[in-house]
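1. Sequence plus predicted model, see below.
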Amino acid sequence: MQIQIINVAQKLPAWVDAACDDYLKRVPREISLKLVTVPLASRKSKQSAARQRQQESALILDKLPPGSLNIALDEHGAAWSSEDWSQQLQHWMFEWPRVNLIIGGPEGLSQQCIDACQHQVSLGRMTMPHALVKVVVVEQLYRAWTILKGHPYHRE
């Protein structure tokens, strides 16, 4: 199975790559985890937030292969526990060859992008920097796998 984490960002700090790389090394071969970054829409012009969302979402939609499960990370989505992530991962492994987890830019995702997703998931009520969201999602996928395998990484 292949999981793509698609995020909207400019150059992220080195600690983000270091943290993601650490977890990517731990993810088993049966889960192909790919990190895809699409660029932020220009913030220099006087474009509206809606227009920026639209431009970024168009780039995201181009990265979604047909027949894949698309999940938007959105503040209005369902809150999943680590165990929920694990149950979802198990379901994905049997039902979906491709899963896309989508992290929008600072202005969020367009309605068109959200409509292209079968699920919306929230990481909680806190506001987090997008760089940190990327790390949290990669870590939760690793944690979900460890729960499935009974690995001691996750302590209940």
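-> Happy to help now that I have it.

2. Please count neighbours and contacts with C-alpha atoms only from this point.
-> Noted.

3. Could you report the pLDDT at residue 125?
-> At residue 125, the model reports a pLDDT of 86.

4. any idea which helix or strand carries it?
-> Following DSSP states H and E, there is no helix or strand that holds residue 125.

5. cool, and the one 3 residues further on?
-> Secondary structure here is read from DSSP H and E; on that basis residue 128 sits in neither a helix nor a strand.

6. Residue 13: what's it in contact with?
-> Taking Cα atoms under 8 Å, 6 or more residues apart in numbering as the contact definition, residue 13 lies against residue 131.

7. The helix or strand hosting residue 77 - contacts with which helices or strands?
-> Secondary structure from DSSP H and E places residue 77 in strand 69-79. Secondary-structure packing of strand 69-79 (3 or more Cα pairs under 8 Å, 6 or more residues apart in numbering; DSSP states H and E): strand 98-103, strand 119-122.

8. Closest to the centroid, which residue in this structure?
-> Among the residues of the chain, residue 101 comes closest to the average C-alpha position under Cα atoms, centre = their mean, at 3.4 Å.

9. That residue against residue 4, yeah?
-> Yes. Proximity of residue 101 to residue 4 meets the contact threshold set by Cα atoms under 8 Å, at 6.2 Å.

10. quick one: pLDDT of residue 41?
-> Looking at residue 41, the pLDDT reads 88.

11. Quickly find the element holding the closest residue to it other than its chain neighbours.
-> Once flanking residues are discounted, residue 41 sits nearest to residue 52: 5.4 Å by Cα to Cα, 6 or more residues apart in numbering. Element membership for residue 52, per DSSP H and E: helix 49-62.

12. Would you mark the buried spots in that helix?
-> 52, 53, 54, 55, 56, 57, 58, 59, 60, 61 (16 or more other Cα atoms under 10 Å).

13. Then stretch 25-32?
-> By neighbour count on 16+ other Cα under 10 Å, the buried set for stretch 25-32 is 27, 31.

14. Can you get me the start-to-end distance on that stretch?
-> 11 Å (Cα to Cα, to the nearest Å).

15. for the record, mean pLDDT for that stretch?
-> In this model, stretch 25-32 carries a mean pLDDT of 91.

16. What is the distance between it and the centre of its chain?
-> On the basis of Cα atoms, centre = their mean, to the nearest Å, stretch 25-32 sits 16 Å off its chain's mean C-alpha point.
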